[in-house]
Every structure is written in C-alpha cells, then in structure tokens.
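*Asks:* Need coordinates for the below:
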Amino acid sequence: MTVVAVTRALVSVSDKADVVDFVRRLVAAGVEIVSSGGTARVLAAAGVPVVPVEDVTGWPEMLGGRVKTLHPKIHGGILADGSSKEHLADLEANGIKPFQLVVSNLYPFRETVATAGVTPAEVVEQIDIGGPAMVRAAAKNHAWVGIVTSPAQYGDVAAAVESGGLDQALRVRLAREAFFHTAAYDAAIVNWLEEGADLPARRVLALQRAEVLRYGENPHQRGARYREAQVASWWDVTTQHRGLPLSYLNLFDAAAAWEMAHDLGSIDRSAVVIVKHANPCGAAVGGDLAEAYQRALECDPRSAFGGIVAFSETVDERTVSRMEEAPQADVVIGPGFAPGVVERLAARRRNTRVLEAPPPTGDPLHHRQISGGWLIQDHYRFASVDWTAVTSRQPTEAELADARFAWHVCGHTSSNAIVLAKGGTAWGIGAGQQNRVEAATIAVAKAAGRAAGGACASDAFFPFPDGLDAAHEAGVSVVVQPGGAMRDDEVIARADDLGLAMLFTGERQFRH
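*Replies:* Predicted coordinates:
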C-alpha cells in the first residue's frame, strides 16, 4: 500500500477550530505550511511559521479576497501526478513545488443563509470558489495528495503524518468525504437559489448516514437513518434512556406518533397518542396526562400491544403507574420524564425503549420515493380555518370541540380514514381501507357505542349517503368532512333526515 510522506501542506480554512494545534503538529513533523488570508494571519499570530500564498504565486490577493489561490503554482502543486514524467517536468520547468496535503473547508454558506436579516448580496459573498476548486483538485489527485475538510479529521491525519505519511486507505476516505463536502455545499446553494418557488424546478438532496439500524422494515433488509448534510435533525438530539437500539419501523412509527402528539397538544396541553404501523390506535386529550393516557389506551388496548406511546408533556409518576399494568409498548417518547419514571419503566418493561425528544421539525417539503423517481409536495398540514355548517341543525360548542379533535386525528391516519370521537378521545379509528364505508364500519365496531353524542370525521368527502348511515349507527351527532362530492346535496339531505349536524372543511386530508 502506497504511503505518501507529507513535506508541504496548503492550509486555508473558514472554520478555524483547532487549526493552530493541528498545524503545529504538522510543523513539528517537518511539514512546510503555505496559507492564505485569515488563516495565514491566525497561524502567524500564534507563532506558527507560515509561507503566505502571495509569496508562492507572486500575486497579491485581489477582488476583496475572491482571488488568491486560483493560480497554476497552487493548482499545479495540487494536481501533479507524481508518477507522470510529463507532470514532473512541468513542475520543474515552472518552478512549482508539489503539495502532499491540502486542508480546506468552505465559507459558512448555510450559516449565513440562516442568519436573521441577511441580504442576498451577503449570501452571495459566502459562495466559495477557490475553496471548492482546491478541495476537488486534491480529492481528484488523492493518489498523491490528502485532502482534509473537517476539524474532526485533524487527529487521524496528524497522527499519520507523524508516523511517516498518509496511506492509500486514508487518502481514499478523505477524498470520498471531500467530494461529499463540495456536493452538499453546492446542494445548499441550489436550494437557496430556488427558494420562493412553490415547487422548485430543482431539488438537490445531499444525505449523510446518521446511524446504522439493526435492520430495515424486515430483518432480512439492511437499514439506516440518514439526514441532510450539515443539518442536525431533532433525532440527533433525542436521548434514548434505555432499551435496544431502534429499528427502521421504530423510527418510522415514533416519528408519526411524535408529530401527532405535538399536533394534538395544540388542542389541549395533555395529549397522548398510541401508534401502531404509523396509524393511531389510540388518542386522547384533556384532563391530566394519566387520564389522557388511560383513555387513549382504552380506545383499542389489543392493538396497543407493541405500539409507540407519545406524550405531549413530561411523563409523571401517576402516568407511569397506569402504564405498568398496560400492554407492552415498544417505544415511549416524551419531552421529559419525572425522576424515577425511567427506572420504573425499566423494572416492568424490559424491552421498552424510552426516548426524550425535542419538538419534531421537518423540511417544508415532503419527499417520497417511488420506483424510478421521487414525489415532492408541501409537508402535511391543516390548512382551513373556516368551516361551514351545511345542515339545518347547527353544531353545539361541545360538538365543535369533538369535531376539531376528530378531524386532527383523522388527518394523521392513513386513507381511507374514519374517526369517531367523544370528549377528547378517539374511540373508533378505521384506517387504510379501500372504501370509506368499510373504514366507517371498522370505526363503529371499535367505538362500541362510546362515541355516542360525539363526532365523526372523514378524511375525504362521502361519495354516497351510506357513509353517514354507518356514522349514525355509532350514535354521533356531528359529522365533519371536506365536502365537494357530486352528491353533496344527497349527503346533506341524509344528514338532515338523521338529525345530524354536518361541517364542511373545504380541505381533504388524504395520507398514503
């Protein structure tokens, strides 16, 4: 395996964390340091011997620093193939010394974009040109040059230089990371330039693996969690207090439960959601957390076994007391846990993972892969605020509250979806059916009369009046649905015949 001894390094970084100590180690190992701009000033101020780039090129920095390393004496020294007689002759003829190491990270573009009040001109100035050129040149010539793009690499690289040089495996790894570094940087620039478009004509995703999972959707499939490059997600700051590592479906279902718990938390501070296969099998708000948990569990205790339980508030002793006698949960997720709660869960629920998480965050655009491409849409949200009562009977305030809760649960449930709710509890949930009547039939059977006097929510319009008949069988008094069917008049007339109040939201909430 070829080892490249390092005698000359080019150092030009925006992120100057730990760079002085790193370069001191290089100098102590006999490496000549060439540097530019602010990096050269920082190194010189620290007493590190450094050769300014302009002394190498014979040209001063110009255009406010836009041009300083774009010169044959820099790029020739980076790109020369040490096995090519022609390249070596060119270096000698032009007085160019080769580099064996380039240390460069790029202008803080993402950070600038995220700064409040920043102007487009200020953002443009943070589009690096010389940096990506050096990084890509060194990565291309990784047979002869090592490329360092992150302070996290300093330790390994310094140790390799001190021990005699950079081996091939290290150079290849550094090159791989360098090309990803520039690809992610360009992706951020493209996405910024596309901002303001309702649906951008170009969408570049640069994803880095955040963790390898135990397996994918099934044990014979490999799986991992990825995140957008250089962007920490809420998962990265979530603490797992106990339990086995999370699997693909644990993450998928927990994300669905956590988002729903926060949504229902906007209706009432105490919200509890139990999710199975990405669909709620229990949901409740109101009272205290222990009471809400008990009602959410009672929605469908059989399906709750092996599910995900998400809490909108800190889980307290009273709540965990209820959980100790409940079916096993695969994951419990909440914003916090009172002292002793995690230990109590561990004592009785050996396989339960316990997650403490910040509020869920997500990209405003929702991406989904299909065979041969991607689908992109706005992230799921509830858009309408003004509902229309279309029946002779108007809903009461209590019915409106039930309807609002049922509508929000319905919007987090796979289509076709029907939700029957009363008193801040989803007593019947019919999810993922091929027709709406069967979804209603399932919801009615699960509610078992407990939604009488409450609300029925449908994620899309009732195409025929028979869907209302199933809701009426459950004893509900108000129906909330998008409206917009060809037979809306027939559906409204049927609601009037049944004495139901009915609300049109004007928005569909399909979720596939």
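
*Asks:* use CA for all of it now, contacts and neighbours both
*Replies:* Fine.

*Asks:* Who are the contact partners of the closest residue to R350 other than its chain neighbours?
*Replies:* Spatial nearest neighbour of R350, chain neighbours left out: G243 (7.3 Å); criterion: C-alpha to C-alpha, 6 or more residues apart in numbering. For G243, the contacting residues are R350, N351, T352, R353, V354, by C-alpha atoms under 8 Å, 6 or more residues apart in numbering.

*Asks:* Could you identify the most distant pair in the residues you listed?
*Replies:* The span of the contacts of G243, defined through C-alpha to C-alpha, is set by R350 and V354 at 10.7 Å.

*Asks:* Between those two, point out the one with more neighbours.
*Replies:* Comparing R350 with V354 by neighbour count (other C-alpha atoms under 10 Å), the higher total belongs to V354, at 23 against 13.

*Asks:* Not counting the strand or helix carrying I429 itself, show me its contacts.
*Replies:* Using DSSP states H and E, I429 sits within strand 425-430. Strand 425-430 is contacted from outside by 280-285, 295-296, 298-300, 406, 409, 416-421, 438-448, 450-451, using C-alpha under 8 Å, 6+ apart.

*Asks:* and the residues you listed, which are buried?
*Replies:* Neighbour counting over those (16 or more other C-alpha atoms under 10 Å) leaves 280-285, 295-296, 298-300, 406, 409, 416-421, 438-444, 446-447, 450-451 as the buried ones.

*Asks:* Looking at those residues, which are in helices?
*Replies:* With helices taken from DSSP state H, the overlap with the buried ones among the contacts of strand 425-430 comprises 295-296, 298-299, 406, 409, 438-444, 446-447.

*Asks:* Can you list the low-confidence ranges for this structure?
*Replies:* By pLDDT under 70, the weakly predicted segments of the chain are 1, 58-59, 62, 64-65, 67-69, 349.

*Asks:* can you tell me which residues contact the spatially most central residue of it?
*Replies:* Using C-alpha atoms, centre = their mean, the residue of the chain that lies closest to the mean C-alpha position is S233, 4.8 Å off. With contacts defined as C-alpha under 8 Å, 6+ apart, S233 is in contact with R227, T361, G362.

*Asks:* out of those, who has the most neighbours?
*Replies:* Using other C-alpha under 10 Å as the neighbour criterion, R227 leads the contacts of S233 with 17 neighbours.

*Asks:* ok so, going back, ok, the residue nearest to the centre of the chain to T361 distance?
*Replies:* Note on S233: its distance to T361, by C-alpha to C-alpha, to the nearest Å, is 7 Å.

*Asks:* What of G484?
*Replies:* G484 sits 32 Å away from T361, going by C-alpha to C-alpha.

*Asks:* now A485
*Replies:* Distance, A485 to T361, using C-alpha to C-alpha: 34 Å.

*Asks:* from the ones in helices among the buried ones among the contacts of strand 425-430, which is closest to G117?
*Replies:* Using C-alpha to C-alpha, those come closest to G117 at V409, 37.6 Å.

*Asks:* and the gap between the residue nearest to R350 and R348?
*Replies:* Separation of G243 from R348 (C-alpha to C-alpha): 12 Å.

*Asks:* follow-up on the earlier one: out of the contacts of G243, which sit inside strands?
*Replies:* Among the contacts of G243, the members falling in strands (DSSP state E) are R353, V354.

*Asks:* Can I get the contacts of G243 in a markdown table including distance to R66?
*Replies:* What follows is those, written out as a markdown table (distance: C-alpha to C-alpha, whole Å):
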| residue | distance to R66 |
| --- | --- |
| R350 | 59 |
| N351 | 57 |
| T352 | 55 |
| R353 | 51 |
| V354 | 50 |
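
*Asks:* What are the buried residues along the one helix or strand V135 maps to?
*Replies:* With secondary structure defined by DSSP H and E, V135 is part of helix 130-140. The neighbour-count check on helix 130-140 (16+ other C-alpha under 10 Å) flags G130, G131, P132, M134, V135, R136, A137, A138, A139, K140 as buried.

*Asks:* so what does that helix touch, helix or strand wise?
*Replies:* Under the contact definition 3 or more C-alpha pairs under 8 Å, 6 or more residues apart in numbering; DSSP states H and E, helix 130-140 sits against helix 72-79, strand 101-105, strand 146-148, helix 168-193.

*Asks:* how about the CA coordinates for it, as CSV?
*Replies:* Extracted C-alpha coordinates of helix 130-140, given in CSV (Å, rounded to 0.1, in the frame of the first residue of the first chain):
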residue,chain,number,x,y,z
GLY,A,130,-11.3,28.9,-4.5
GLY,A,131,-12.1,26.5,-1.7
PRO,A,132,-14.1,24.0,-3.7
ALA,A,133,-11.6,24.2,-6.5
MET,A,134,-8.8,23.2,-4.1
VAL,A,135,-10.8,20.6,-2.4
ARG,A,136,-11.9,18.9,-5.7
ALA,A,137,-8.4,19.1,-7.1
ALA,A,138,-6.9,17.4,-4.1
ALA,A,139,-9.6,14.8,-3.9
LYS,A,140,-9.2,14.0,-7.6
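
*Asks:* gap between A304 and R508?
*Replies:* Distance, A304 to R508, by C-alpha to C-alpha: 28 Å.

*Asks:* Have a look at these two and say which one is more surrounded.
*Replies:* A304 (24 against 19).

*Asks:* Is the more buried one in contact with V331, as I believe?
*Replies:* No: taking C-alpha atoms under 8 Å as the definition, A304 is not a contact partner of V331, at 11.2 Å.

*Asks:* Just list the residues touching Y107, thanks.
*Replies:* When contacts are counted by C-alpha under 8 Å, 6+ apart, Y107 touches S14, Q126, I127, D128, G131.

*Asks:* what would these look like in TSV with distance to D156 and secondary structure?
*Replies:* TSV is the format used below for the contacts of Y107 (distance: C-alpha to C-alpha, whole Å; DSSP: H, G, I helix; E, B strand; the rest coil):
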residue	distance to D156	secondary structure
S14	20	coil
Q126	29	coil
I127	29	coil
D128	26	coil
G131	22	helix
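
*Asks:* Among these, which pair sits farthest apart?
*Replies:* Applying C-alpha to C-alpha across the contacts of Y107, the maximum distance is between S14 and I127, 12.1 Å.

*Asks:* Which of those two has more residues huddled nearby?
*Replies:* Using other C-alpha under 10 Å, the more surrounded residue of S14 and I127 is I127, with 19 against 14.

*Asks:* OK, contacts around that one?
*Replies:* Residues in contact with I127, defined by C-alpha under 8 Å, 6+ apart, are Y107, F109, I189.

*Asks:* Just want the phi and psi numbers for it.
*Replies:* Torsion angles at I127 (phi, psi; degrees, to the nearest 10) stand at phi -90, psi 100.

*Asks:* now swap in V123 and tell me
*Replies:* Dihedral pair for V123: phi -70, psi -40, per degrees, to the nearest 10.

*Asks:* if I look at it, how far off is A229?
*Replies:* Distance of V123 to A229, given as C-alpha to C-alpha: 19 Å.

*Asks:* same question, L420
*Replies:* Counting by C-alpha to C-alpha, the separation of L420 from A229 is 42 Å.

*Asks:* again with V237
*Replies:* For V237, the distance to A229 - C-alpha to C-alpha - is 15 Å.
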